[in-house]
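Asker: okay, sequence plus prediction incoming.
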Amino acid sequence: MKQYIEKNKERFFEELFSLMRIPSISAKKEHKDDMLKCANRLKELLLEAGADEAGVYPTDGNPVVFGKKTVSPKAKTVMVYGHYDVQPAEPLEKWKSDPFKPEVHDGAIWGRGANDDKGQLFMHIKAFEYLVKTKKLKHNVKFIFEGEEEIGSPSLPAWVKKNKKLLASDVILVSDTTMISEKVPSINCGMRGLAYLEVTVTGPNKDLHSGHYGGAVANPINVLCDMISSLIDKNGKVKVNGFYDDVVKLSKSDRAQLARAPFNIEEYKKFLGIDEVKGEKGYTTLERTGIRPCLDVCGIWGGYTGEGAKTVLPSTAHAKISMRLVPNQESSKITKLFTEHFKAIAPKYVKVKVEPKEGGNGFLIPITSPAFKAASKAMEKVFGIEPVPSRGGGSIAVLADMQKILGTDPLLMGFGLERDTIHSPNESYLLKQFFGGMESIALFYEYY
């Protein structure tokens, strides 16, 4: 495929950029029209690449793009999953270039969605195009691209249930994850789930003068901070009652297999600009982000935060709390346990509200499956080293839903790197990974 890429790479850039220029930000309602525009562009690209049919299908939220090509009723069917929605670009002042005016320089593609996930799903369209044009395609291929992954995929499970027959396949092929490094390829054999909530602590019925009432009335910000600090103990364990009840401890052999992944703690700290790591006692840094659950505060606010001073004792304080879960932990159960625990530890001088925002379960896939072996062989040929099985610390919650509804395992064949700073300013995607991903995907079809 190298020659095909070299011959067509300028066209590839322009086609990818036609997607990246569309600010398909699912978190913002004002971009509703952009979601449809991006979906329609993907439909066009699928048809141009050689799909027999492609369409844009309505859901209760943003539309789904579905396309397919049938080679033979007897052939195996590969279904490619991806998402065309992207994260908000803020803070805009941190970007070195316009996030929605993509560029190629310094050996990488730059712009929002370069990696996550427009650049990665685009690799699949081009690998498919190559196989069709060269008459090497021997599998039936289906594509499902959604527009709500960045907000928890609220509409997709229902659409998948309604279209179960349409989506029948032998494997769900996904590129929406990262490799350990550009020198050490890896394939995720599992991802964590998520329970995400917003909590509100309310004290007095209005903001108060801190001089008149300070010291006599509970400050909701102070109380919220105390409550949050009690959620994790000095050993990094989450103190929510029942939080670990369903966590399966990995055997020594399983942990040894995952420990094959090369990891330099000093390089890790230098990359992040920190002096020391912190996490659950008894586990390595990679284990903390792969096989263990955790709890983090993703945002906290209340009172006056503008310029200058305002001596106010606030009425309310808020926080957004994320809990990453490991397979076997149910997101709905953890949400319930957290809600009960957080309300139980609230002192009588405040009221507490807990509002669930997003959730989904984690999953595992067998590394002995034909699909995993084919992906491993393909990546080894392209990158020159056998990929290491790894566990993803992030979440693509809808894949667990699809696995359950369709009875089909996902295969996480991602090519991003931590340096790509997805979800942050100056997102990028190395051309080496972009083109290497196309080659690996094309070879996957050959070996599977």
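Answerer: Arrived safely, thanks for sending.
Asker: the strands in the stretch 201-350 of the chain, which residues?
Answerer: Listed in chain order, the strands of the stretch 201-350 of the chain (DSSP state E, counting those that start in this stretch) span residues 208-209, 294-302, 312-313, 316-325.
Asker: by contact count, what packs against the second one?
Answerer: In this structure, strand 294-302 packs against helix 220-229, strand 316-325, with contacts taken as 3 or more C-beta pairs under 8 Å, 6 or more residues apart in numbering; DSSP states H and E. C-beta here means a position set from N, CA and C on the backbone, and glycine is covered the same way.
Asker: can you state the direction angle for the last one and strand 294-302?
Answerer: Put simply, strand 316-325 runs at 160 degrees to strand 294-302, going by axes from the mean of the first three to the mean of the last three C-alpha atoms, to 10 degrees.
Asker: packing partners of strand 316-325?
Answerer: When contacts are defined as 3+ C-beta pairs under 8 Å, 6+ apart, strand 316-325 sits against strand 193-202, helix 220-229, strand 294-302, helix 331-344.
Asker: tell me which of the ones you listed approaches Ser97 most closely.
Answerer: Ser97 sits nearest to strand 294-302 of all these, at 26.7 Å, using C-beta to C-beta.
Asker: could you dump that closest one to PDB, C-alpha only?
Answerer: As requested, C-alpha coordinates have been extracted for strand 294-302 and formatted as PDB (Å, rounded to 0.1, in the frame of the first residue of the first chain):
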ATOM      1  CA  CYS A 294     -10.000   5.500  40.200                       C
ATOM      2  CA  LEU A 295     -11.900   8.700  41.200                       C
ATOM      3  CA  ASP A 296     -11.000  12.200  40.100                       C
ATOM      4  CA  VAL A 297     -12.500  15.700  40.300                       C
ATOM      5  CA  CYS A 298     -12.600  17.100  36.800                       C
ATOM      6  CA  GLY A 299     -13.900  20.500  37.700                       C
ATOM      7  CA  ILE A 300     -14.900  22.500  40.800                       C
ATOM      8  CA  TRP A 301     -16.500  26.000  41.200                       C
ATOM      9  CA  GLY A 302     -18.500  28.300  43.400                       C
END
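Asker: for it, buried residues please.
Answerer: Going by neighbour count (16 or more other C-beta atoms under 10 Å), the buried part of strand 294-302 is Cys294, Leu295, Val297, Gly302.
Asker: turn the helices and strands packed on strand 294-302 into TSV, including distance to Val65, mean pLDDT and mean neighbour count.
Answerer: Rendered in TSV, the data for the helices and strands packed on strand 294-302 read as follows (distance: least, C-beta to C-beta, whole Å; pLDDT from 0 to 100; neighbours: other C-beta atoms under 10 Å):
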stretch	distance to Val65	mean pLDDT	mean neighbour count
helix 220-229	40	98	18
strand 316-325	29	97	21
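Asker: tell me which element Ile187 is part of?
Answerer: Assigned by DSSP states H and E, Ile187 belongs to strand 186-191.
Asker: helices or strands up against that strand?
Answerer: strand 363-364, helix 370-383, strand 388-392, strand 410-412.
Asker: in a markdown table: these, plus distance to Asn219 and mean neighbour count.
Answerer: Putting the helices and strands packed on strand 186-191 into a markdown table (distance: least, C-beta to C-beta, whole Å; neighbours: other C-beta atoms under 10 Å) gives the following:
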| stretch | distance to Asn219 | mean neighbour count |
| --- | --- | --- |
| strand 363-364 | 42 | 21 |
| helix 370-383 | 53 | 19 |
| strand 388-392 | 39 | 21 |
| strand 410-412 | 45 | 24 |
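Asker: that older thread, most widely separated two among the buried residues of strand 294-302?
Answerer: Every pair in the buried residues of strand 294-302 was compared (C-beta to C-beta); the two farthest apart turn out to be Cys294 and Gly302, at 24.0 Å.
Asker: what's the neighbour count on the residue nearest to Pro425 when sequence neighbours are not counted?
Answerer: Once its chain neighbours are removed from consideration, Pro425 has its nearest residue in Lys94; the separation is 3.6 Å (C-beta to C-beta, 6 or more residues apart in numbering). Summarising burial for Lys94: neighbours were counted as other C-beta atoms under 10 Å, giving 11.
Asker: what does Lys94 show for phi and psi?
Answerer: Note on Lys94: its backbone torsions stand at phi -90, psi -10 [degrees, to the nearest 10].
Asker: and the helices in the stretch 51-200 of the chain?
Answerer: Secondary structure of the stretch 51-200 of the chain (DSSP state H, counting those that start in this stretch): helices at 118-133, 156-162.
Asker: among these, which is nearest Ile422?
Answerer: Nearest to Ile422 among those is helix 118-133; the distance by C-beta to C-beta comes to 9.9 Å.
Asker: save the strands of the stretch 201-350 of the chain as JSON lines, and put in distance to Ala218 too.
Answerer: As requested, the strands of the stretch 201-350 of the chain are exported to JSON lines (distance: least, C-beta to C-beta, whole Å):
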{"stretch": "strand 208-209", "distance to Ala218": "11"}
{"stretch": "strand 294-302", "distance to Ala218": "13"}
{"stretch": "strand 312-313", "distance to Ala218": "9"}
{"stretch": "strand 316-325", "distance to Ala218": "11"}
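Asker: returning to what we had before: out of the helices and strands packed on strand 294-302, which gets nearest to Leu194?
Answerer: Distances from Leu194 to each of the helices and strands packed on strand 294-302 were compared by C-beta to C-beta, and the smallest falls on strand 316-325, at 6.2 Å.
Asker: given that closest one, what are its sheet partners and their directions?
Answerer: Using DSSP bridges, the strands paired with strand 316-325 are strand 193-202 (antiparallel), strand 294-302 (antiparallel).
Asker: export those as a markdown table, with columns for mean pLDDT and distance to Gln3.
Answerer: Supplementary listing: the strands paired with strand 316-325 in a markdown table, determined by pLDDT from 0 to 100; distance: least, C-beta to C-beta, whole Å:
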| stretch | mean pLDDT | distance to Gln3 |
| --- | --- | --- |
| strand 193-202 | 96 | 42 |
| strand 294-302 | 97 | 46 |
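Asker: which of these sits closest to Lys237?
Answerer: strand 294-302 (9.7 Å).
Asker: how far does the closest one sit from the chain's center?
Answerer: Averaging C-alpha positions (C-alpha atoms, centre = their mean, to the nearest Å) puts strand 294-302 18 Å from its chain's average.
Asker: equivalent analysis for stretch 421-439, please.
Answerer: 15 Å.
Asker: name the surrounding residues that touch stretch 62-75.
Answerer: Residues from elsewhere that reach stretch 62-75 (C-beta atoms under 8 Å, 6 or more residues apart in numbering): 26, 32, 35-36, 39, 42-43, 46-47, 50-57, 84-85, 128, 132, 137-148, 155-156, 159, 163, 166.
Asker: give me the buried positions along it.
Answerer: Of all the residues in stretch 62-75, those buried under the rule 16+ other C-beta under 10 Å are Asn62, Pro63, Val64, Val65, Phe66, Gly67, Lys68, Lys69, Val71.
Asker: distance between the ends of stretch 235-246?
Answerer: 20 Å (C-alpha to C-alpha, to the nearest Å).
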